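Colleague: Structure of the sequence below:
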Amino acid sequence: MFMFKRIISTLVVVTIVFTFGACGNGENPPSVTSQPPVNETAPTEKSNNTDYKTIFQHSVFLGDSITEALSYHDILDELNVVAGAGTTTELALEGGDVDKLAERNPQHVFIMLGSDDILLPSQVTDNPKQYSLKFYAKLIDSIKEKLPKASITVLPVTPVTPEAEKVEPRYKNINDYNQGLKELASKKQVGFVDLSSIFADNPNLYSSDGVHFKPEFYTRMLDLLKDRVK
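Modeller: Numbers count the residues shown, from 1 in each chain. Purely as a prediction, here's the structure:
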């Protein structure tokens, strides 16, 4: 009976996420498969000519559509990204993502989840933060078990534009969720990197939906993370 309830719960999460989810506003949820116009997402020239694919060749980024754009924009190879639109912490844990990580045997794992969890409706949970962080903790434990030698770094949920927050008020919970992530990372003794400096005076990093990002965001993010893979 317990397993049956868990299966039903997971199916509900999958349905809800793709109806309301991530990275979206509940109407026509954008994803990496429905990117903004080409003129908004064309890869920017890397002014420092940094070879991110080489620097992060032994790393894997786990996440949702925001993370998936690392390979969509050809900043990193697909081998270095395990991500998909609508992925929540629960789906990452129970959907085989940890096994995919283990198959690639990275030295460094970066987890960037939570954008979809924040949008979980009451049909799934009355407390999305508590619900999500419970699975986030299990996810970290599972990665540690499968990849005991790998370093793990948790990345916060990225902010959205004020316009996107007006469309989806639940994005107001991002800061509170990120505080929970920071505390969880400390408890689990894994890394945590604050990305807020990227957004200071850089409103042009966003795609038209105000949630997803242009390539420049990802190069700035990887510049912040380079020292963690040396």
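
Colleague: For the rest of this, base every contact and every neighbour count on C-alpha atoms.
Modeller: Fine.

Colleague: for residue 81, phi and psi?
Modeller: When read as degrees, to the nearest 10, the backbone of residue 81 gives phi -140, psi 130.

Colleague: what's the next secondary structure element after the one helix or strand in the chain whose mean pLDDT sits lowest?
Modeller: Here the helix or strand of the chain ranked lowest by mean pLDDT, DSSP states H and E is helix 38-41, holding a mean of 38. Counting by DSSP states H and E, the next helix or strand C-terminal to helix 38-41 is helix 52-55.

Colleague: what are the pairing partners of the helix or strand just after that next one, and which direction each?
Modeller: Later in the chain than helix 52-55, the nearest helix or strand by DSSP H and E is strand 59-63. Strand 59-63 has these partner strands in its sheet, going by DSSP bridges: strand 81-83 (parallel), strand 108-112 (parallel).

Colleague: Could you save those strands as a markdown table and add columns showing mean neighbour count, mean pLDDT and distance to residue 213?
Modeller: What follows is these, written out as a markdown table (neighbours: other CA atoms under 10 Å; pLDDT from 0 to 100; distance: least, CA to CA, whole Å):
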| stretch | mean neighbour count | mean pLDDT | distance to residue 213 |
| --- | --- | --- | --- |
| strand 81-83 | 23 | 98 | 15 |
| strand 108-112 | 22 | 98 | 14 |
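
Colleague: For residue 198, find the nearest of those strands.
Modeller: Closest approach to residue 198 among the strands paired with strand 59-63 (CA to CA): strand 108-112, 15.4 Å.

Colleague: quick check, distance from the closest one to the centre of its chain.
Modeller: The chain centre lies 9 Å from the centre of strand 108-112; the measure is CA atoms, centre = their mean, to the nearest Å.

Colleague: now the helices: where do they sit in this protein?
Modeller: With DSSP state H as the criterion, the chain has helices at 2-20, 38-41, 52-55, 65-72, 89-94, 97-104, 128-146, 162-167, 174-188, 196-199, 215-225.

Colleague: deepest of the ones you listed, which one?
Modeller: Ranked by mean neighbour count under mean count of other CA atoms under 10 Å, the helices of the chain are led by helix 65-72, which reaches a mean of 23.

Colleague: returning to that earlier point: any idea which of the helices of the chain scores lowest on pLDDT?
Modeller: For the helices of the chain, the weakest mean pLDDT is recorded on helix 38-41, namely a mean of 38.

Colleague: on that earlier part again, redo the strands paired with strand 59-63 as JSON lines? Include distance to residue 152.
Modeller: Shown next, in JSON lines, are the strands paired with strand 59-63 (distance: least, CA to CA, whole Å):
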{"stretch": "strand 81-83", "distance to residue 152": "14"}
{"stretch": "strand 108-112", "distance to residue 152": "5"}
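
Colleague: Residue 94: which of these is closest?
Modeller: The closest of these to residue 94 is strand 81-83. By CA to CA, the value is 13.6 Å.

Colleague: what's that closest one in contact with?
Modeller: Strand 81-83 has contacts (CA atoms under 8 Å, 6 or more residues apart in numbering) with 60-65, 67-68, 70-71, 97, 100-101.
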